[in-house]
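In: compute the structure for the input listed below.
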Amino acid sequence: MNQTPTPGGGFDFDAMLSWALLIGLSLWGGFASFYRKLKDGHVRVFNITELIGELVISGFTGIVVANLCDSIPACPTPLKYALVGIAAHMGSRALFKLESMVNRKFDLPADQAATKENDNAA
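Out: Residues are numbered from 1 along each chain as shown. Coordinates of the predicted model:
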């Protein structure tokens with residue numbers, strides 16, 4: 001998904017279609033995660049809040065991973081779609097993995113926020 005603006009400021013249908021596909025893929029990953037939890041007996045059939053939570057989290061992680069892939073010039077489009085689907089299915093687990101990668105990259109402690117809160121309380 002090339003982020004170059006269209007000449008004359010027109011509507012870029014290809015970019016919109018690509019993002020719609022990525023968001024749809026992310027939501028599908030959230031539904032698949034909910035269905036897996038349902039089959040394992042972790043949620044009830046009519047638990048709408050759990051389903052909405054899975055869809056929101058998977059949509060968010062899918063968009064984050066798509067933007068991360070867009071920031072890497074060497075990431076081909078099929079790989080981006082695969083990574084978005086995997087991250088969306090993982091949901092919150094993908095967020096925790098991304099957080100741990102950032103913590104390792106910048107040599108941050110895993111619970112830096114909790115440490116700062118304890119320092120401010122003293």
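In: any idea how far L27 is from W19?
Out: For L27, the distance to W19 (C-beta to C-beta, to the nearest Å) stands at 13 Å. C-beta coordinates here come from the backbone N, C-alpha and C atoms, glycine included.
In: of those two, who's got more company?
Out: Each of L27 and W19 has its neighbours counted (other C-beta atoms under 10 Å); L27 has more, 17 against 14.
In: roughly how far does that one sit from A88?
Out: L27 is 8 Å from A88, by C-beta to C-beta.
In: overlap of the contact sets of those two?
Out: Residues within reach of L27 and of A88 at once, by C-beta atoms under 8 Å, 6 or more residues apart in numbering, are S58, G59, G62.
In: among those residues, name the ones in helices.
Out: Within those, residues falling in helices by DSSP state H are S58, G59, G62.
In: please tell me how far the residue most central in space within the chain sits from E54.
Out: Nearest residue to the geometric centre of the chain (C-alpha atoms, centre = their mean): T61, 0.9 Å. From T61 over to E54 the distance is 11 Å, taken as C-beta to C-beta.
In: low-confidence stretches in this structure?
Out: Residue ranges of the chain with pLDDT under 70: 1-9, 111-122.
In: all helices of it, in order?
Out: Under DSSP H, the chain gives helices at 13-40, 48-71, 77-90, 92-105, 112-121.
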